[in-house]
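Asks: What follows is a protein structure lacking sequence information:
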């Protein structure tokens, strides 16, 4: 740093020195950002869909679409009640199912739009009211969000343990041929590489 009049600096010299310090800090921050990006790898997100409730599934698909639109590779893991989101409408097959599996299949919704609300469902009346509000406000339906996620390239993963418990086969599920039937180790492997991991 230049000095004049003994140890004193002119205002111009102080401003120049401050500017140089800011430049060095910006370079260091940019270098750290590159190092972090290099450690994290490419942009990936993993979402666990455990709940089969309509509003939580709606949130999951909304977040997934936002991530996909931001350039993320998105993996959605459907387990237990969340697996009902991928059931094919009207495809119930009683063959090779136990009595309990048949009862569960009949009691659980066979399409994502039939899922109940987590709160204030009121035997379906709450969801009807919410649906009307969504139409008034121009909010996309959950079916549209789900189709959008599929079009944008989301990766669906189905918990094979849950499917085994419920007795569902590939003919009872949408996109079965494009979905990965996997266990917890597959999820953990992808979650470890993900920048974002959500449990919904």
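Replies: Now that the structure is in, tell me what you want to look at. Computed from a predicted structure; not experimentally measured.
Asks: Contacts only, for residue 140.
Replies: Residues counted as contacts of residue 140 (CB atoms under 8 Å, 6 or more residues apart in numbering) are 134, 148. For every residue, glycine as well, the C-beta is placed using N, CA and C.
Asks: again, only using 10 Å
Replies: 58, 61-62, 65, 134, 146-148 (CB atoms under 10 Å, 6 or more residues apart in numbering).
Asks: Go through those residues and name the one nearest residue 181.
Replies: The shortest approach to residue 181 among these belongs to residue 146, at 18.9 Å (CB to CB).
Asks: Count the residues that sit near the closest one.
Replies: 26 (other CB atoms under 10 Å).
Asks: sorry, back to before: could you save the contacts of residue 140 as CSV and add columns showing secondary structure?
Replies: CSV is the format used below for those (DSSP: H, G, I helix; E, B strand; the rest coil):
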residue, secondary structure
58, helix
61, helix
62, helix
65, helix
134, helix
146, helix
147, helix
148, helix
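Asks: Would you convert these into a markdown table that also reports pLDDT and distance to residue 46?
Replies: A markdown table is the format used below for the contacts of residue 140 (pLDDT from 0 to 100; distance: CB to CB, whole Å):
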| residue | pLDDT | distance to residue 46 |
| --- | --- | --- |
| 58 | 97 | 19 |
| 61 | 97 | 15 |
| 62 | 97 | 16 |
| 65 | 98 | 15 |
| 134 | 92 | 27 |
| 146 | 95 | 18 |
| 147 | 94 | 21 |
| 148 | 96 | 19 |
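Asks: out of those residues, which are buried?
Replies: 58, 61-62, 65, 146, 148 (16 or more other CB atoms under 10 Å).
Asks: And the residues you listed, which two are furthest apart?
Replies: 58 and 148 (12.4 Å).
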